[in-house]
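Q: Coordinates only, no sequence provided:
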């Protein structure tokens, strides 16, 4: 005979988990600070590596920005379960009646927020370092594609970091799994950025890349829903 | 809970094999045994943290693993580690668990528990700066937060000072009086006489003794245990 239990609402569980991640980040400032610093250093190295301030690197802007964001995402996603792992809290979370997909959603939303904060710095810095033509009027379009791409990064990243969590060589396995999954995001992000930077906007091309990213996000969402229980419970 | 022929294999070694164990409401069962006997593995299976390799495990009327999520609503798990975020305060940790378990009137309940475990004065300090014993008292509050019907305790007296031990024993007595069941894994065999109704001894993944404790003092329980593992 089953006991009568009060099933907690998943919305409250989700809000609690996101609040916890943001509180931890506000207190330690480890992940976002590392992501912002890493991205600035990477862009600075690229600035020195690809040319001087006098060179117009506008046509490479999308690639430079999205390669930087991809590596920054690996750094951020790699830290997404650090507190649970190092402070041995995971058993407490897993012993609670929280659906595993809610754990994924909470981590994914936290990563979207961390990426968005990083992009607040990266997008202007890219304009200052690499673009000689019109750029600042395209900021809104770049931010939009970044937002969609962040969802793709967060969903795939959370899935792979969950998989890597239970392996011994997790620091090696995560980039090996995650970077190939980021290739379509880099292609679409760079393509969409290229379509709106440095000249007349090609909105048809931009829309195409954004739709591709939406499709990619939906695909990973379905994969996550189908597999996340198995990642944590098997 | 009811375990019927339950087993679990790590690699090629059977950590738990063919375990049969029933615990009814209000019963307190102590599981003792040498290191590597499979006590913690069995407890983790009951806590739904580890899947059974063989046999059938039913917890709070829910067969695992299918009913794990429903069963978790009624399980309180106290592990070796406090299972608390070190950079959050005791209050913030309990708020998180209150959200996960859907605890009603959470703020009042959290204050009440922090008072009971004598952590109210340190409620807003990061767990990182608390002593091990204080962190273990926080773990006790976390376990009791959602008023579980089945308590699973892994070495609950470890790291507790005399006051903490008395507090834990008092809480266990209260929970027992409320008709809640408890499974306690312990190496402190002498303590079993005061905290449990039944003694289960495990050795090499199997239960070798399962008998009542009633009427025995600490020395007699210790002697019986030594006899079982000899």
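A: Looks like it arrived, so ask away. All of these numbers come straight from a predicted model, not from anything done at the bench.
Q: contacts and neighbour counts: CA atoms only from here.
A: Will do.
Q: where do the helices sit along the chain?
A: In the absence of a named chain, chain A is used. A:10-28, A:31-50, A:61-78, A:82-86, A:90-94, A:100-130, A:139-165, A:170-196, A:203-233 (DSSP state H).
Q: wrong chain, I was asking about chain B
A: B:39-46, B:68-72, B:90-101, B:106-116, B:132-144, B:162-177, B:192-195, B:218-229.
Q: Is it possible to get a markdown table of those that adds mean pLDDT?
A: Converted to a markdown table, the helices of chain B look like this (pLDDT from 0 to 100):
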| stretch | mean pLDDT |
| --- | --- |
| helix B:39-46 | 93 |
| helix B:68-72 | 92 |
| helix B:90-101 | 96 |
| helix B:106-116 | 94 |
| helix B:132-144 | 93 |
| helix B:162-177 | 87 |
| helix B:192-195 | 83 |
| helix B:218-229 | 85 |
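Q: what sits against the closest residue to residue A:8 other than its chain neighbours?
A: Spatial nearest neighbour of residue A:8, excluding adjacent residues (Cα to Cα, 6 or more residues apart in numbering or on different chains): residue B:102 at 4.2 Å. Residues near residue B:102 by Cα atoms under 8 Å, 6 or more residues apart in numbering or on different chains: A:6-9, A:12-13, B:146.
Q: what's the nearest residue to residue 126 if we skip its chain neighbours?
A: All of this is about chain A. Closest to residue A:126 by Cα to Cα, 6+ apart is residue A:65, at 6.6 Å.
Q: Hmm, no, I was thinking of chain B.
A: Per Cα to Cα, 6+ apart, closest to residue B:126 is residue B:89, 4.2 Å.
Q: what do you get for residue B:204?
A: Using Cα to Cα, 6+ apart, the closest residue to residue B:204 is residue B:37 (4.6 Å).
Q: Double-check that neighbour against residue B:200; I have them as touching.
A: No: counting by Cα atoms under 8 Å, residue B:37 stays clear of residue B:200, with 11.6 Å between them.
Q: Looking at these two, which is more packed in?
A: residue B:200 (22 against 19; other Cα atoms under 10 Å in any protein chain shown).
Q: which residues does the residue nearest to residue B:187 when sequence neighbours are not counted contact?
A: Ranked by Cα to Cα, 6+ apart and with sequence neighbours excluded, the top spatial neighbour of residue B:187 is residue B:32, at 6.0 Å. The contact partners of residue B:32, by Cα under 8 Å, 6+ apart, come to B:39, B:185-187, B:189, B:199-202, B:225.
Q: Most neighbours among those residues, please name it.
A: Going by other Cα under 10 Å, residue B:39 tops the contacts of residue B:32 with 27 neighbours.
Q: So which bits of chain A are right by chain B?
A: A:1-3, A:5-9, A:12-13, A:16-17, A:20, A:23-24, A:27-28, A:83-84, A:87-99, A:233-234 (Cα under 8 Å from any Cα of the partner chain).
Q: returning to that earlier point: looking at the contacts of residue B:102, spot the one nearest residue A:217.
A: residue A:13 (23.0 Å; Cα to Cα).
Q: Is that closest one in contact with residue B:103, as I believe?
A: No: under the criterion of Cα under 8 Å, residue A:13 makes no contact with residue B:103, lying 10.7 Å away.
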